[in-house]
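Peer 1: Coordinates for the following, if possible.
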Amino acid sequence: MPVRVTLDVMLARRKMRARDVCERIGLSETQLSLLRTGKVRGVRFDTLAKLCLVLECAPGDLLGYDADETDLGD
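Peer 2: Residues are numbered from 1 along each chain as shown. Below you'll find the model as predicted:
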């Protein structure tokens with residue numbers, strides 16, 4: 001998957017615990033854990049917006065893209 005989640009990096013930069021973020025945005029720890037490990041197929045925009053608000057960042061700070069890993073199904 002060419003899109004990677006860099007949420008752990010931002011949590012470390014902000015010196016915040018995942019549990020605290022979950023409480024502030026109303027997301028379960030299980031769901032945040034799945035997102036942190038990249039085991040989800042998508043993320044809701046409102047969840048992304050809440051994460052950005054709490055972590056004081058932009059969506060691009062939480063997601064990365066590796067073009068080398070792109071599989072167009074050819």
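
Peer 1: Touching the host helix or strand of Leu32 from outside, list them.
Peer 2: Element membership for Leu32, per DSSP states H and E: helix 29-36. Outside of helix 29-36, the residues within contact range by C-beta atoms under 8 Å, 6 or more residues apart in numbering are Val5, Leu7, Asp8, Ala18, Arg19, Val21, Cys22, Val40, Val43. C-beta coordinates here come from the backbone N, C-alpha and C atoms, glycine included.

Peer 1: I'd like the residues you listed laid out as a markdown table, including distance to Ala58.
Peer 2: Below are the contacts of helix 29-36 laid out as a markdown table (distance: C-beta to C-beta, whole Å):
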| residue | distance to Ala58 |
| --- | --- |
| Val5 | 14 |
| Leu7 | 13 |
| Asp8 | 17 |
| Ala18 | 19 |
| Arg19 | 23 |
| Val21 | 16 |
| Cys22 | 20 |
| Val40 | 20 |
| Val43 | 14 |
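
Peer 1: Just give me the longest helix of the protein.
Peer 2: Longest helix in the chain, counting residues (DSSP state H): helix 45-55.

Peer 1: Show me what counts as buried in the helix holding Leu32.
Peer 2: Buried residues in helix 29-36, defined by neighbour count with 16 or more other C-beta atoms under 10 Å: Leu32, Leu35, Arg36.

Peer 1: re earlier: which strands and helices sit next to the longest helix of the chain?
Peer 2: helix 7-14, helix 18-25, helix 59-62 (3 or more C-beta pairs under 8 Å, 6 or more residues apart in numbering; DSSP states H and E).
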